[in-house]
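S.K.: quick one, what's the 3D model for this:
(2 chains, ligands or ions: 1)
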Amino acid sequence: MTDTPLFQYTLRLADTALVLGHRLSEWVGHSPVIEEDLAFGNMGLDLIGQARSLYSHAGEIEGKGRDEDALAYLRDAPDYRNILLVEQPNGNFAATMVRQFLYAAFAHPYFEALAHSKDKTLAAIAAKAVKEMAYHLRHSAEWTIRLGDGTDESHRRAQDALDELWPYTAEMFETDQVERALIEAGVAVDPSAVRATWDKTLDHVLSEATLVRPRDGYMQSGGRIGRHSEHLGHILSELQFVQRAYPGASW
Amino acid sequence: MNGAATIATDPALRERAWAAAASVCDPEIPVLSIADLGVLRDVRIENGVVEAVITPTYSGCPAMNMIALEIEVALENAGFARPKVTTVLSPAWTTDWMTEAGKTKLREYGIAPPAAKAGRRALFGEEQVACPHCGSTETARISEFGSTACKALWRCKACAEPFDYFKCI
Ligand SMILES: [Zn+2]
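M.R.: Prediction:
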């Protein structure tokens, strides 16, 4: 089996969930209020849980004996396949919330569709994830509205975040050779099919938030084939430190 | 047919294994058993080996390892040697599986049980949740996320007490 399109596809989903989950975990102990500390911890846990199931499945597809830990801890940045959006720095509270909203508005309908995958394990993981992403979407959308339609300062920060993150949104809707055959076989989801839902959610929430949807300009790409920003290496240096320093450590 | 096959079809033995596994409580909400929660999906006996099947509430539920370990201990203590615990993801867990007894226990413990059928609710709609202390529905959500993955933070405007709400999924 080894490096099949299905392995690559599952790895993309897993890496995206893990990196975003790790980003959210960075807020724990630093949030502006304790409720949001708990919220980031909970959302991060959901994403890391999704990643664990996806890594286990990827390891089985690959068939080389790599488990979830080997895939998460023992691959370097160029082998990671997450989208670039999720590795972007947390920035301020508004930036993290807007990033969460942009992703959840995509992930919710995407997993809803993936729950019908011909791959039974992917379908089962997606059926759980869709319930979790519904809460992420609701929470991040409410905060996007609250910040956008809040004070001048919160509005400015939310709009700045939206403008800065916008070039990273197109990658969510890309398809390439790895995915095309899987989409035709009913295993992977065609992301263009959830574009209309994403657009509708964005238009609704951004208008409530009095935020302006940025125009598409130069759009970033490459994370899903291993071309990352410098941020991913820094994330991995922390995420993988213990296993790199003490290989095989357990407790 | 040998003895093991006879044992496999003995309903009383299966009942005893179920009762042992079902006695394990959720480590985060100790008034609820894993059977009340709907986390325990099946207990079966094949060739003399007991297998308990569980499903996580949330993908990242950190209590699952603990629950699996406690099931093994409970089954061993009930006389079942080397039991197996298997985790399944499908069908996805829903609060609809919580028993009525479980909901009553939750309320008495001070946690509002899941209000409605999970189903597909409007994403931006608001649930009506009764205060577990005074019963009033004059309540408001403080935060979508609480001290564990399965709970949200609410407060009661009638008795002014904060409370946990077991989220519908
Ligand atoms: Zn009350």
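
S.K.: dihedrals phi and psi, the closest residue to chain A within chain B?
M.R.: Residue nearest to chain A within chain B (CB to the nearest CB): B:Gly60, separated by 2.6 Å. In short, each C-beta sits where N, CA and C put it, glycine included. Main-chain torsions, B:Gly60, degrees, to the nearest 10: phi -100, psi 20.

S.K.: that one against A:Gly41, yeah?
M.R.: No - with contacts defined as CB atoms under 8 Å, B:Gly60 does not count as touching A:Gly41, sitting 10.1 Å away.

S.K.: that older thread, next one: the residue of chain B closest to chain A from A:Thr96, what distance?
M.R.: From B:Gly60 over to A:Thr96 the distance is 18 Å, taken as CB to CB, to the nearest Å.

S.K.: output the longest helix belonging to chain B.
M.R.: Longest helix in chain B by number of residues, with DSSP state H as the criterion: helix B:64-77.

S.K.: quick check: next helix or strand after that helix?
M.R.: strand B:84-87 (DSSP states H and E).

S.K.: which of the residues in that following strand are buried?
M.R.: Neighbour counts over strand B:84-87 (16 or more other CB atoms under 10 Å in any protein chain shown) mark B:Lys84, B:Val85, B:Thr87 as buried.

S.K.: and if you look at stretch A:158-175?
M.R.: Buried residues in stretch A:158-175 (16+ other CB under 10 Å): A:158-159, A:161-162, A:164-169, A:171-174.

S.K.: now do the same end-to-end measure for it.
M.R.: Start-to-end span of stretch A:158-175 (CA to CA, to the nearest Å) is 29 Å.

S.K.: let me see the residues that make contact with it.
M.R.: Residues from elsewhere that reach stretch A:158-175, judged by CB atoms under 8 Å, 6 or more residues apart in numbering or on different chains: A:83-85, A:88, A:91-92, A:94-95, A:97-99, A:102-103, A:106, A:144, A:147-148, A:183, A:190-192, A:195, A:198, A:206, A:209, A:211-214, A:216-224.

S.K.: can you do 6 Å?
M.R.: Contacts with stretch A:158-175, where a contact means CB atoms under 6 Å, 6 or more residues apart in numbering or on different chains, come from A:83-85, A:94-95, A:98-99, A:102, A:106, A:147-148, A:191-192, A:195, A:211, A:214, A:219-221.

S.K.: among these, which lie within helices?
M.R.: Using DSSP H, A:Ala94, A:Ala95, A:Val98, A:Arg99, A:Leu102, A:Phe106, A:Leu147, A:Gly148, A:Arg195 are the members of the contacts of stretch A:158-175 that sit in helices.

S.K.: now the residues you listed: which count as buried?
M.R.: Buried by 16+ other CB under 10 Å: A:Ala94, A:Ala95, A:Val98, A:Arg99, A:Leu102, A:Phe106, A:Leu147, A:Gly148, out of those.

S.K.: what residues are up against the third one?
M.R.: The reference is to A:Val98. So A:Val98 contacts A:Thr144, A:Ala158, A:Ala161, A:Leu162 (CB under 6 Å, 6+ apart).

S.K.: and the stretch 51-200 of chain A, which residues reach chain B?
M.R.: Selection of the stretch 51-200 of chain A residues close to chain B by CB under 6 Å from any CB of the partner chain yields A:Ala124, A:Ala127, A:Lys128, A:Lys131, A:Tyr135, A:Arg138, A:His139.

S.K.: and these near the ion, which?
M.R.: Contacts with the ion are made by none of these, judged by CB under 5 Å from the ion.

S.K.: now these as a markdown table including secondary structure and distance to A:Ser237?
M.R.: Listed next are these as a markdown table, based on DSSP: H, G, I helix; E, B strand; the rest coil; distance: CB to CB, whole Å:
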| residue | secondary structure | distance to A:Ser237 |
| --- | --- | --- |
| A:Ala124 | helix | 33 |
| A:Ala127 | helix | 34 |
| A:Lys128 | helix | 30 |
| A:Lys131 | helix | 33 |
| A:Tyr135 | helix | 31 |
| A:Arg138 | helix | 33 |
| A:His139 | helix | 29 |
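
S.K.: separation between the closest residue to B:Val88 other than its chain neighbours and B:Leu40?
M.R.: Distances taken as CB to CB, 6 or more residues apart in numbering or on different chains put B:Thr55 closest to B:Val88, at 5.4 Å, once the chain neighbours are dropped. Going from B:Thr55 to B:Leu40 by CB to CB gives 9 Å.

S.K.: ok, now A:Asp79?
M.R.: 39 Å.

S.K.: with neighbour numbers in mind, choose between the two.
M.R.: Each of A:Asp79 and B:Leu40 has its neighbours counted (other CB atoms under 10 Å in any protein chain shown); B:Leu40 has more, 21 against 11.

S.K.: would you agree the more buried one is in contact with B:Leu32?
M.R.: No - using CB atoms under 6 Å, B:Leu40 is not in contact with B:Leu32, being 11.2 Å away.

S.K.: shaky segments in chain B?
M.R.: B:1-9, B:116-126 (pLDDT under 70).

S.K.: go again with 50.
M.R.: Along chain B, the model assigns pLDDT under 50 to residues B:1-8, B:119-120, B:122.

S.K.: the residue of chain A found nearest the ion: which element?
M.R.: Proximity of chain A to the ion (CB to the ion) peaks at A:Glu35, 19.4 Å away. Assessed by DSSP H and E, A:Glu35 sits inside helix A:34-62.

S.K.: for the following helix or strand past that helix, buried residues please.
M.R.: Downstream of helix A:34-62, the next assigned helix or strand under DSSP H and E is helix A:68-73. Across helix A:68-73, burial judged by 16+ other CB under 10 Å covers A:Glu68, A:Leu71, A:Ala72.

S.K.: what's in contact with helix A:68-73?
M.R.: Counting by CB under 6 Å, 6+ apart, A:Arg52, A:Tyr55, A:Ser56, A:Gln240, A:Gln243 sit against helix A:68-73.

S.K.: which of those lies closest to B:Thr94?
M.R.: Checking the contacts of helix A:68-73 against B:Thr94 with CB to CB, the nearest one is A:Arg52 at 20.8 Å.

S.K.: picking that back up, and the angle from the longest helix of chain B to helix A:34-62?
M.R.: Here the directions of helix B:64-77 and helix A:34-62 differ by 70 degrees (axes from the mean of the first three to the mean of the last three CA atoms, to 10 degrees).

S.K.: helix B:64-77 - contacts with which helices or strands?
M.R.: Applying 3 or more CB pairs under 6 Å, 6 or more residues apart in numbering or on different chains; DSSP states H and E, one finds that helix B:64-77 contacts helix B:11-22.
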